[in-house]
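J.: Requesting a structural model of the entry that follows:
(chains A, B, C and D)
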There are 2 protein chains.
Amino acid sequence: MTKRTGECAGPKRQSIGARRNPETEAAILTAAADILREKGVRGLSMEAVARRARAGKATLYKWWPTRGALLVAVYERLKGEHPHADKGHLLDTITDFYRFVFGHWQTPEGQVFALIIAEAQSNADVAEALEGYRRERLEALTEVVSWSVERGEIRPGTESRALAETIMAAAWMRLLTGRLDTDPAALARDVLSGWLVEKQ
Amino acid sequence: MTKRTGECAGPKRQSIGARRNPETEAAILTAAADILREKGVRGLSMEAVARRARAGKATLYKWWPTRGALLVAVYERLKGEHPHADKGHLLDTITDFYRFVFGHWQTPEGQVFALIIAEAQSNADVAEALEGYRRERLEALTEVVSWSVERGEIRPGTESRALAETIMAAAWMRLLTGRLDTDPAALARDVLSGWLVEKQ
DNA sequence: TTCTATATGAACGATCCGTTCCGATATGTA
DNA sequence: TACATATCGGAACGGATCGTTCATATAGAA
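T.: Residues are numbered from 1 along each chain as shown, chains lettered A, B, ... in the order given. Modelled structure (predicted):
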């Protein structure tokens, strides 16, 4: 079994003097993202990224000292905006939320997120970055939920943040167990119906 | 930086004829579990396991062709029973459930579970084993929830399996984001209070 | 006894690790 | 102009692991 060693892509760059070359940074992050898409996280070696980006390993290690740092950088670059458009009813809003994230996670770019969670289990740098992102997303989701609470859609006394975390956990669970084909509307109903004041 | 290469432990075994040596299997799985405890998943190389178990690499690869297969075998051996003692009230039952799993996941043995989930993101064998385990656990939890539904504790019309999955997802979320110090009672309340007929 | 399947230990070529050199390039300052 | 500075690509290193393949020894099964 001959192991295909990654091909080189793109032109070679040079130093542009006593400052960092933005093209080099872009080329490396692009190469890393491409490798992740094509070969998964197991194929993402520093060697392979340097080869593909036509960059020196010294350059790579200078700016991203660990594989975790590189992974986080790729992720920061790829992560899309999660719009939380308030649809007037929380059930619709969360259905849309699930539809959006499941769709996003099914794209090659979105699949990186599962790898980030995986890497975070054995890499403190990645874990820290993931935790920051989780908090950020939780706050945004909490805000949407709290609007619904103010409108009286939800049982009085409900803690918005707790419910938001439940909503988020259900999504992560589907991601990590390969069930992104779950029906967003059904999931939203399963998660939320207990909390809604007006029973459907 | 001198990298400590794992020590050998235990006696050397021999062939016991034209059949598999159960001592070899035990020695290898024990060595793998020990390495996981001591050095984490990054230290779990086939080389290191063979060295520590005083086994030949050929033997290792014969029975566990991939690292994922070995990880699953270790996990199958370590996984403890999750007792779902019905406490009469679902809130108490789930509080106990969270207390048990968080405690278990904080032990060296339990930490393997997070690594299994991580490995499942890039290893189909592990993903399949994880999915089987998830289904098994979900059924057990669903049963407990359904008892509660029958007792009338929960809003009528609640789907036991959906609620059970929500309960489980909340636990996984805490595991994967390093928040096993979450208060079990508070979490159970945050997840369940919307579904309980008698408020708070 | 002969056949078969196992277990250990050693070696192989290959890959990746993290680091360290080198020479070339281009900026900013004196 | 002259020079120090900082980057970049490329190559090499010692070490570790990978997955495979030998040789040798063991002992049950036919």
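
J.: which ones are touching the residue lying closest to A:Val101 once chain neighbours are set aside?
T.: Ranked by Cβ to Cβ, 6 or more residues apart in numbering or on different chains and with sequence neighbours excluded, the top spatial neighbour of A:Val101 is A:Ala171, at 5.6 Å. Glycine gets a C-beta too; all of them are placed from N, C-alpha and C. With contact taken as Cβ atoms under 8 Å, 6 or more residues apart in numbering or on different chains, A:Ala171 is in contact with A:97-98, A:101-102.

J.: Name the member of those residues that has the highest neighbour count.
T.: Neighbour counts for the contacts of A:Ala171 (other Cβ atoms under 10 Å in any protein chain shown) peak at A:Phe97, which has 25 neighbours.

J.: quick one: that one is in a strand?
T.: No: according to DSSP: H, G, I helix; E, B strand; the rest coil, A:Phe97 belongs to no strand; its state is helix.

J.: What score does the closest residue to it other than its chain neighbours have for pLDDT?
T.: Spatial nearest neighbour of A:Phe97, excluding adjacent residues (Cβ to Cβ, 6+ apart): A:His84 at 6.5 Å. Note on A:His84: pLDDT of 73.

J.: do the same with A:Arg4
T.: 43.

J.: A:Ile117 contacts A:Trp172, doesn't it?
T.: Yes: between A:Ile117 and A:Trp172 there is a contact under Cβ atoms under 8 Å: 7.4 Å.

J.: what's the overlap in contacts for those two?
T.: B:Leu176.

J.: hang on, the earlier thing: quick one: contacts for the residue nearest to A:Phe97?
T.: A:93, A:97, A:140-141, A:143-144.

J.: could I get these as a markdown table with secondary structure and pLDDT?
T.: Converted to a markdown table, the contacts of A:His84 look like this (DSSP: H, G, I helix; E, B strand; the rest coil; pLDDT from 0 to 100):
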| residue | secondary structure | pLDDT |
| --- | --- | --- |
| A:Thr93 | helix | 95 |
| A:Phe97 | helix | 95 |
| A:Ala140 | helix | 93 |
| A:Leu141 | helix | 95 |
| A:Glu143 | helix | 95 |
| A:Val144 | helix | 94 |
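
J.: Can you tell me which of those residues is nearest chain B?
T.: A:Leu141 (12.9 Å; Cβ to the nearest Cβ).

J.: which residue sits closest to the closest one, ignoring its sequence neighbours?
T.: Spatial nearest neighbour of A:Leu141, chain neighbours left out: A:Ala164 (4.1 Å); criterion: Cβ to Cβ, 6+ apart.

J.: A:Leu70 now?
T.: Leaving aside its sequence neighbours, A:Leu70 sits nearest to A:Trp64 (Cβ to Cβ, 6+ apart; 4.1 Å).

J.: A:Gln14 now?
T.: Of all residues beyond its chain neighbours, the one nearest A:Gln14 is A:Asn21 (7.9 Å), with distances taken as Cβ to Cβ, 6+ apart.

J.: Likewise for A:Gln106?
T.: A:Leu180 (5.3 Å).

J.: for A:Pro11, same thing?
T.: A:Arg54 (7.2 Å).

J.: Phi, psi for that neighbour please.
T.: Main-chain torsions, A:Arg54, degrees, to the nearest 10: phi 50, psi 50.

J.: neighbours around the closest residue to A:Leu90 other than its chain neighbours, how many?
T.: Spatial nearest neighbour of A:Leu90, chain neighbours left out: A:Ser148 (3.9 Å); criterion: Cβ to Cβ, 6+ apart. Neighbours of A:Ser148 under the rule other Cβ under 10 Å: 23.
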